[in-house]
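Chemist: Fold the following for me, if possible:
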Amino acid sequence: VQLVESGGGLVQPGGSLRLSCAASGFTADYHSIGWFRQAPGKEREGVSCITPNDGKTYYSDSVKGRFTISREKNTVYLQMSSLKPEDTAVYYCNRANYIEPMPIAYWGQGTQVTVSS
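Modeler: The predicted structure follows:
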């Protein structure tokens, strides 16, 4: 069971990025999958989650209206727009319960997102 994040990078404030979370070893369609992030010196926080079957989505207040989560087969995406410097963090994905982690796999290395001019 493995989840691999990709798509991060350096972007200017107001810019956009799309992150990908590729699942293997299990059928991600059967589980809620969430995105989480951890900024330097801070706790990991939930960002977004998408449920199986009906594809309901949930967002933290800090990203609502700017980020969009979606899924296709065994990959979950996070489209991030209107990025702010405070979005700078390492982003991870894993199984979720709403936007709380309920890990099905060890946390991966994540993908670094840096928002800076």
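Chemist: For residue 28, what are phi and psi?
Modeler: phi -60, psi -30 (degrees, to the nearest 10).
Chemist: buried residues in stretch 39-48?
Modeler: For stretch 39-48, a neighbour-count test (16 or more other C-beta atoms under 10 Å) marks 44, 45, 46, 47, 48 as buried. Every residue, glycine included, has its C-beta placed from N, CA and C.
Chemist: and of those, the nearest to residue 96?
Modeler: Minimum distance to residue 96 across those is 6.9 Å, recorded for residue 46 (C-beta to C-beta).
Chemist: and the closest one, what element?
Modeler: strand 45-50 (DSSP states H and E).
Chemist: tell me how far that strand is from the chain's mean position?
Modeler: 6 Å (C-alpha atoms, centre = their mean, to the nearest Å).
Chemist: just checking, next helix/strand downstream of that strand?
Modeler: Moving toward the C-terminus from strand 45-50, the next element (DSSP H and E) is strand 57-59.
Chemist: who does that following strand pair up with?
Modeler: strand 45-50 (antiparallel) (DSSP bridges).
Chemist: which outside residues touch stretch 3-15?
Modeler: The contact list for stretch 3-15 (C-beta atoms under 8 Å, 6 or more residues apart in numbering) reads 17-24, 82-85, 90-94, 104-105, 108-117.
Chemist: Tell me the buried residues within the residues you listed.
Modeler: 17, 19-23, 83, 90-94, 104-105, 108, 110-111, 113, 115.
Chemist: In helices, which of these appear?
Modeler: Per DSSP state H, helices hold no members of the buried ones among the contacts of stretch 3-15.
Chemist: Any idea how many residues pack against the closest residue to residue 117 other than its chain neighbours?
Modeler: Among residues not flanking residue 117 along the chain, residue 12 sits closest, at 5.3 Å (C-beta to C-beta, 6 or more residues apart in numbering). Other residues lying near residue 12 total 10 when counted by other C-beta atoms under 10 Å.
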